[in-house]
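> Fold the following.
(one chain, ligands or ions: 1)
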Amino acid sequence: MSDLLAISGLVKHFDDRRGLLGRITGNPGALVQAVNGVDLGIGEGKTLGLIGESGCGKSTLGRAILRLHEPTAGQVLFDGTDVTALDASDLKAMRRRMQIIFQDPYASLNPRRTVGEIVAKPMRIHALATGSDLEDRVVDMLNRVGLNSGHLNRYPHQFSGGQRQRIGIARALIMKPKFVVCDEPVSALDVSIQAQIVELLDEMKQELGLTYLFISHDISVIGYVSDRIAVMYLGKIVEEGETREVLENPMHPYTRALLSSVPHLEKTAGKRDRTRLKGDLPSPINPPPGCKFNTRCPLATELCRQSEPELRHMQGTQSAACHLSLANAEG
Ligand code: SF4
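Reported below is the predicted structural model:
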């Protein structure tokens, strides 16, 4: 069966020629290479977890898929339609089927609108319901996410962080989309609330038959929610495969480093070689030549500094972009 969402060669560069980053780095002619040629597929009803450090380009990728950031190049096929080729009116219609849940439930809700107005807004924009029909649908969606009709006339500041994220989820799902980008949906929440929101998203997925791109920097969250995992580093996918295989036998040194950084996952990692992550993510304005991870990889060789490895099949469902892993897989 073909994927519901198929991304090929997706690129998003930001022109920073007059921007702050260019002035800070002394490189005013530069482009910010946020997403640099990504190929991914997501099967209907599945969750693809996208993991990587802050600044690796994963949120930009999620937004480029929805054209909240206009892609620089590449194709996004959704249910057979090329989203990148849609005109404004067809794109608006497509947005009913492709939605996003934002990270920050404080910043993403209009403080001057009531919960009823916020959740009803997408239905109004798309003229899908009015009057009592609209109110019934808003209340139904609030009930589904654990809120109720008593919350309709309250304002966002009257809710806790977890409740605000429930409002954001209701707003994203009221039009019954098929595909949702969950952009770090639990990162801004207390740990005790994170599990409730993850459970809610899973329930909604089952009830409404949703397909998710779930973005997070927390590999334990990604491991819990995902059918497959894609690991992103400096604008590129460096490993991809079924969740269990990637977590049990990561092929890329960066994936191993991410796993090593989670204490309770160390036990499941057994006694294999560990890669400790040192230093910071290089600037997307001036990425290193060769393998983008070579400046932090303890296994880097001269080949890694000169030649960029492609994402290649390694074993089972796993692909990785690493010269060493490829040599080991072939050897
Ligand atoms: Fe490390 Fe080289 Fe593999 Fe890159 S290609 S991850 S630098 S071993």
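
> Near L258, how many other residues are there?
Neighbours of L258 under the rule other C-beta atoms under 10 Å: 24. All C-beta spots, glycine's among them, are computed from the backbone N, C-alpha and C.

> Let me know whether it touches D218 as I believe.
No. The pair L258 / D218 is not scored as a contact, 9.6 Å apart, by C-beta atoms under 8 Å.

> Need the overlap of contacts for these two.
The contact sets of L258 and D218 overlap at I51 (C-beta atoms under 8 Å, 6 or more residues apart in numbering).

> can I assume G74 sits in a helix?
No. Under DSSP: H, G, I helix; E, B strand; the rest coil, G74 falls outside any helix and is assigned strand.

> and the gap between it and the ligand?
Per C-beta to the nearest ligand atom, to the nearest Å, G74 is found 23 Å from the ligand.

> shouldn't that residue be in contact with A6?
No. If you go by C-beta under 8 Å, G74 and A6 don't touch, sitting 10.9 Å apart.

> quick one, helices of the stretch 1-150 of the chain?
20-25, 58-66, 88-94, 115-125, 131-144 (DSSP state H, counting those that start in this stretch).

> Pick the most deeply packed of those helices.
Ranked by average neighbour count under the criterion mean count of other C-beta atoms under 10 Å, the helices of the stretch 1-150 of the chain are headed by helix 58-66 at a mean of 25.

> Show me what it is packed against.
strand 5-15, strand 31-42, strand 47-51, strand 98-101, strand 179-183, strand 211-216 (3 or more C-beta pairs under 8 Å, 6 or more residues apart in numbering; DSSP states H and E).

> So which of these is nearest G162?
Nearest of those to G162, taken as C-beta to C-beta: strand 98-101 at 13.3 Å.

> Adjacent strands (with direction) for the closest one?
Sheet pairing of strand 98-101 (DSSP bridges) gives strand 179-183 (parallel).

> what's the offset of the strand it pairs with from the middle of its chain?
7 Å (C-alpha atoms, centre = their mean, to the nearest Å).

> Can you tell me what sits against that strand?
4-5, 42, 59, 62-63, 65-66, 78, 97-103, 172-173, 201, 210-215.

> Downstream of it, the next helix or strand is which one?
Downstream of strand 179-183, the first helix or strand assigned by DSSP states H and E is helix 191-208.

> quick one: that next one to chain centroid distance?
Remark: helix 191-208 is offset 16 Å from the chain centroid, using C-alpha atoms, centre = their mean.

> With stretch 35-50 instead?
Distance, centroid of stretch 35-50 to centroid of chain: 9 Å (C-alpha atoms, centre = their mean).

> Now that stretch: buried residues?
Residues of stretch 35-50 classed as buried: 35-42, 46-50 (neighbour count, 16 or more other C-beta atoms under 10 Å).

> Over to stretch 239-254?
Buried, per 16+ other C-beta under 10 Å, within stretch 239-254: 239-241, 243, 245-247, 249-254.

> show me which of those residues neighbour the ligand.
When contact is defined as C-beta under 6 Å from any ligand atom, the buried residues of stretch 239-254 meet the ligand at 252-253.

> For the buried residues of stretch 239-254, give me CSV that also has secondary structure, pLDDT and distance to L128.
Output for the buried residues of stretch 239-254, formatted as CSV (DSSP: H, G, I helix; E, B strand; the rest coil; pLDDT from 0 to 100; distance: C-beta to C-beta, whole Å):
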residue, secondary structure, pLDDT, distance to L128
E239, strand, 98, 40
E240, strand, 98, 36
G241, strand, 98, 38
T243, helix, 97, 35
E245, helix, 97, 41
V246, helix, 97, 39
L247, helix, 96, 40
N249, coil, 95, 46
P250, coil, 95, 44
M251, coil, 95, 45
H252, coil, 96, 44
P253, helix, 95, 48
Y254, helix, 95, 43
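
> farthest-separated two in the buried residues of stretch 239-254?
Spanning the widest gap among the buried residues of stretch 239-254 are T243 and P253, at 19.0 Å by C-beta to C-beta.

> can you pull the contacts of the residue nearest to the spatial centre of the chain?
Taking C-alpha atoms, centre = their mean as the criterion, I215 is the residue nearest the geometric centre of the chain, at 2.8 Å. Counting by C-beta under 8 Å, 6+ apart, I215 makes contact with 49-50, 58-59, 61-62, 181-184.

> Please produce JSON lines containing those, extended by distance to the ligand.
Rendered in JSON lines, the data for these read as follows (distance: C-beta to the nearest ligand atom, whole Å):
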{"residue": "G49", "distance to the ligand": "20"}
{"residue": "L50", "distance to the ligand": "19"}
{"residue": "K58", "distance to the ligand": "18"}
{"residue": "S59", "distance to the ligand": "23"}
{"residue": "L61", "distance to the ligand": "20"}
{"residue": "G62", "distance to the ligand": "24"}
{"residue": "V181", "distance to the ligand": "27"}
{"residue": "C182", "distance to the ligand": "28"}
{"residue": "D183", "distance to the ligand": "26"}
{"residue": "E184", "distance to the ligand": "25"}
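
> This completes my enquiry, with thanks.
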